[in-house]
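J.: no sequence for this one, just the structure:
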């Protein structure tokens, strides 16, 4: 379910994001979204077997390898953010379940109902066909300055940033 309250809860509690398919190229959507989230206080863990480092963070070949490395620091991966095609999601969802992530997030255009059902059954929150950067900006006041209708009605602005 992707209602406003659920998205706000997910973005408020998931602070370490494994970004699967994060590109080292600055003009790619995955790089732009991850850089935005990093600049707003989120820890980005790049998962890309072809790059040694992205956004100043070491890259890992898989979500499982990233989780093992973070465990040595006493940290866990909260969200697995997928910038991969829909047909690539099943093994990523299995890894997200295995490492104990809180959320499996599939970016715009990425939909896999079977993996979503499996992840939900394992207790993960699942978001499909949405961009984590766009949702963060929409819910925490970034888009309305540009005249975008955020569909969030409130007579009061948040006085402090939630991160």
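T.: Cool, got the structure. No experiment lies behind these values; they were computed from the predicted model shown.

J.: now do the helices in the chain.
T.: Ranges of helices within the chain are 4-13, 29-39, 63-72, 89-99, 113-121, 132-139, based on DSSP state H.

J.: can you pull the buried residues of the first one?
T.: If you call a residue buried by 16 or more other Cβ atoms under 10 Å, then helix 4-13 has these buried ones: 7-8, 10-11. (C-beta placed from N, C-alpha, C; glycine too.)

J.: include distance to residue 53 and mean pLDDT when you put the helices of the chain into TSV, please.
T.: TSV is the format used below for these (distance: least, Cβ to Cβ, whole Å; pLDDT from 0 to 100):
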stretch	distance to residue 53	mean pLDDT
helix 4-13	25	95
helix 29-39	13	94
helix 63-72	13	97
helix 89-99	21	98
helix 113-121	29	97
helix 132-139	21	91
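
J.: in JSON lines: those, plus distance to residue 57.
T.: JSON lines is the format used below for those (distance: least, Cβ to Cβ, whole Å):
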{"stretch": "helix 4-13", "distance to residue 57": "20"}
{"stretch": "helix 29-39", "distance to residue 57": "8"}
{"stretch": "helix 63-72", "distance to residue 57": "10"}
{"stretch": "helix 89-99", "distance to residue 57": "17"}
{"stretch": "helix 113-121", "distance to residue 57": "24"}
{"stretch": "helix 132-139", "distance to residue 57": "16"}
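
J.: who wins for proximity to residue 52 among the ones you listed?
T.: Nearest of the helices of the chain to residue 52, taken as Cβ to Cβ: helix 63-72 at 13.4 Å.

J.: which positions in stretch 60-77 come out as buried?
T.: By neighbour count on 16+ other Cβ under 10 Å, the buried set for stretch 60-77 is 60, 62-64, 66-67, 70, 77.

J.: out of the buried residues of helix 4-13, what pair is the most spread apart?
T.: Among those, the pair separated by the greatest distance (Cβ to Cβ) is 8 and 10, at 7.4 Å.
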